[in-house]
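**Q** predicted coordinates and the sequence they were generated for:
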Number of protein chains: 2
Amino acid sequence: MSSRGRPRTFSRDDALRSAMEIFWDKGFDNTSLADLTRVMGLNPPSLYAAFGSKAKLFLEAVDLYGRTDGAGIWEFLDEAPTAKEAIHDLLKRSAKNFTQRDEPRGCMVVLSAPQMEGGDAAVCDGLKVRRLEKQGALERRLARGVAEGDLPPTVDCEAIAAYVTSIQHGMSIHARDGAPRHVLLAIADCCAAGWDGMVATMRKAQG
Amino acid sequence: MSSRGRPRTFSRDDALRSAMEIFWDKGFDNTSLADLTRVMGLNPPSLYAAFGSKAKLFLEAVDLYGRTDGAGIWEFLDEAPTAKEAIHDLLKRSAKNFTQRDEPRGCMVVLSAPQMEGGDAAVCDGLKVRRLEKQGALERRLARGVAEGDLPPTVDCEAIAAYVTSIQHGMSIHARDGAPRHVLLAIADCCAAGWDGMVATMRKAQG
DNA sequence: TCCTTTTTGTACCAATCGATACATAATTCA
DNA sequence: TGAATTATGTATCGATTGGTACAAAAAGGA
């Protein structure tokens, strides 16, 4: 593409990963440009030339997170033979992923920028969109379970998807509060233990 | 007490409530001193004389939240005849409380300051302590259910308490993401629908 | 009345925030 | 080689941050 001009002396990918790590650890607001230039090993003009702005860099970092450290959580969702197994596996993977050594605890998409008034709109919306995308994927997986017969047609897939993401998002807060891995795994087991009764009892449009 | 000196011209209680409302809406970091002095109707020296610092004001505001807008959620916890009813009521009240008109959505204790590296330690720890206090109250209510026989003695009260708070904390994020009230209520119903199967299936120390 | 105590408003502090101007260095293309 | 292009390091921008110094004002106590 652009081979003209002075070549950059840093790896864009490495710099982006460093940015991801500190954004994940400190969050968008608590991470300053001084932090970023330090861990990325470059000066502000290079950062802005390569990434545009702090907010754009953050969104690229979130995408990298979704492709790397955050990806494993969702790996078995579509491969699981039943919706029940898919959900239980998702929550167990979340429990493990949120409590790994040498990594910030919890999910970057949930924690790194609170959905508060006055926050950077692009950043907050970007994270919200990513959260809702995963919830949509979950809802589709549940609908597939209905189509394949391992879930009764009476279940409300939207409600259950919201229920499961609620548990998963709450896990991130527990992880940041210091909950040990076995507690997060126990949360996943609570959901699994109640599953059969839930899908048998619940009905759509209970209003 | 101290009747000497020039009397203050503002109501400390009213000012604190105004501070609570904007902290709840914008979060600790996104709320500036300029915001606070504007909505509280006083100048910085008066704010510091009355409340000490931004962080101390915030913690007082959180306490006020716990005594007022956030209190209703927990009202029926100890009065409910069974643990199951107590939990289902707690989550239904949370769903309603988190989606009220003319109030910020979600729980102030969960949302207003993310537990991130580099944040104000007193603020983050203060919120964490309040979260864990509620989780402890929940765990005690479950233990009471065991003692009174409406829960089998095999259940892991710590795990279930973490499971329920996970759902509740996740609800706050859903509320901020714009989920309508009926979706949050459906989450509460999912938990209730699975309850009997969960307590019948789960066992302590499954490791 | 005078002294002490406390609050008030103005004006301001040093520090940090995200973001840039500018000159220089390093490369490709002609 | 010379022109065009891009990246680099230094030094800094205006704005905003949380927090105060200071003197005037308003009360009680002697």
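**A** Arrived safely.
**Q** give me the buried positions along whatever helix or strand A:Leu16 lives in.
**A** Here A:Leu16 sits within helix A:12-30, counting by DSSP states H and E. For helix A:12-30, burial by neighbour count (16 or more other Cβ atoms under 10 Å in any protein chain shown) applies to A:15-30. All C-beta atoms are positioned from the backbone trio N, CA, C, and that covers glycine.
**Q** check whether it contacts chain B.
**A** Yes - judged by Cβ under 8 Å from any Cβ of the partner chain, helix A:12-30 comes into contact with chain B through A:25-27, A:29-30.
**Q** now stretch A:150-168
**A** Yes - judged by Cβ under 8 Å from any Cβ, stretch A:150-168 comes into contact with chain B at A:156, A:158-160, A:162-163, A:165-168.
**Q** run the chain-centre distance for that stretch.
**A** Put simply, stretch A:150-168 sits 18 Å off its chain's centre (Cα atoms, centre = their mean, to the nearest Å).
**Q** before we move on, what about stretch A:51-66?
**A** Counting by Cα atoms, centre = their mean, stretch A:51-66 comes out at 14 Å from the chain centroid.
**Q** list the buried residues in that stretch.
**A** A:51, A:54-55, A:57-62, A:64-66.
**Q** try stretch A:174-186
**A** Buried residues in stretch A:174-186 (16+ other Cβ under 10 Å): A:174-177, A:179, A:183-186.
**Q** can you show me the CA trace of it as PDB?
**A** Provided in PDB are the C-alpha atoms of stretch A:174-186 (Å, rounded to 0.1, in the frame of the first residue of the first chain):
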ATOM      1  CA  HIS A 174     -17.400 -10.600  41.000                       C
ATOM      2  CA  ALA A 175     -14.100 -11.300  39.300                       C
ATOM      3  CA  ARG A 176     -13.000  -7.700  39.800                       C
ATOM      4  CA  ASP A 177     -14.200  -7.800  43.400                       C
ATOM      5  CA  GLY A 178     -11.800 -10.700  44.000                       C
ATOM      6  CA  ALA A 179     -14.100 -13.700  43.900                       C
ATOM      7  CA  PRO A 180     -12.000 -16.900  43.400                       C
ATOM      8  CA  ARG A 181     -12.400 -19.100  40.400                       C
ATOM      9  CA  HIS A 182     -14.400 -21.800  42.200                       C
ATOM     10  CA  VAL A 183     -17.100 -19.300  43.200                       C
ATOM     11  CA  LEU A 184     -17.500 -18.300  39.600                       C
ATOM     12  CA  LEU A 185     -17.600 -21.900  38.500                       C
ATOM     13  CA  ALA A 186     -20.300 -22.500  41.200                       C
END
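**Q** that one near chain B anywhere?
**A** Yes - using Cβ under 8 Å from any Cβ, stretch A:174-186 reaches chain B at A:174, A:176-179, A:182-184, A:186.
**Q** so how far is chain B from A:Gly117?
**A** One thing to correct before we go on: residue A:117 is Glu, not Gly. 5 Å (Cβ to the nearest Cβ, to the nearest Å).
**Q** run a quick neighbour tally on that residue.
**A** 14 (other Cβ atoms under 10 Å in any protein chain shown).
**Q** residues touching it, list them.
**A** Counting by Cβ atoms under 8 Å, 6 or more residues apart in numbering or on different chains, A:Glu117 makes contact with B:25-27, B:30, B:104.
**Q** apply 7 Å and report the result again.
**A** Applying Cβ atoms under 7 Å, 6 or more residues apart in numbering or on different chains to A:Glu117 gives the contacts B:25-26, B:30.
**Q** ok, now A:Gln115?
**A** Contacts of A:Gln115 (Cβ under 7 Å, 6+ apart): A:124, A:128, B:176-177.
**Q** where does it land in three-state SS?
**A** Three-state assignment for A:Gln115 (DSSP: H, G, I helix; E, B strand; the rest coil): coil.
**Q** neighbours of A:Gly41, just the number please.
**A** A count of nearby residues for A:Gly41, using other Cβ under 10 Å, gives 13.
**Q** follow-up on the earlier one: so is the helix or strand just after the helix holding A:Leu16 next to DNA strand C?
**A** As assigned by DSSP H and E, the chain's next helix or strand after helix A:12-30 is helix A:33-40. Yes - using Cβ under 7 Å from any atom of the strand, helix A:33-40 reaches DNA strand C at A:33-34.
**Q** CA atoms of helix A:33-40 as PDB?
**A** What follows is helix A:33-40, C-alpha atoms only, in PDB (Å, rounded to 0.1, in the frame of the first residue of the first chain):
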ATOM      1  CA  LEU A  33      -2.100   9.200  27.000                       C
ATOM      2  CA  ALA A  34       1.000   9.200  29.200                       C
ATOM      3  CA  ASP A  35       0.200   5.600  30.200                       C
ATOM      4  CA  LEU A  36      -0.300   4.600  26.600                       C
ATOM      5  CA  THR A  37       2.800   6.100  25.100                       C
ATOM      6  CA  ARG A  38       4.800   4.600  27.900                       C
ATOM      7  CA  VAL A  39       3.600   1.000  27.500                       C
ATOM      8  CA  MET A  40       3.400   1.200  23.700                       C
END
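**Q** quick check: buried residues in the longest helix along chain A?
**A** Under DSSP state H, the helix in chain A containing the largest number of residues is helix A:121-148. Judged by neighbour count using 16+ other Cβ under 10 Å, the buried positions of helix A:121-148 are A:123-124, A:126-128, A:130-131, A:134-135, A:138-139, A:141-146.
**Q** which neighbouring elements make contact with that helix?
**A** Counting contacts by 3 or more Cβ pairs under 7 Å, 6 or more residues apart in numbering or on different chains; DSSP states H and E, helix A:121-148 packs against helix A:54-67, helix A:83-97, helix A:108-111, helix A:157-176.
**Q** got the ones you listed as JSON lines, with mean pLDDT and distance to A:Ser11 columns?
**A** Shown next, in JSON lines, are those (pLDDT from 0 to 100; distance: least, Cβ to Cβ, whole Å):
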{"stretch": "helix A:54-67", "mean pLDDT": "98", "distance to A:Ser11": "13"}
{"stretch": "helix A:83-97", "mean pLDDT": "98", "distance to A:Ser11": "26"}
{"stretch": "helix A:108-111", "mean pLDDT": "98", "distance to A:Ser11": "21"}
{"stretch": "helix A:157-176", "mean pLDDT": "98", "distance to A:Ser11": "30"}
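**Q** on the three-state scheme, the residue of chain A found nearest DNA strand D is what?
**A** In chain A, the residue that lies nearest DNA strand D is A:Gly5 (1.8 Å; Cβ to the nearest atom of the strand). Here A:Gly5 is recorded as coil under three-state DSSP.
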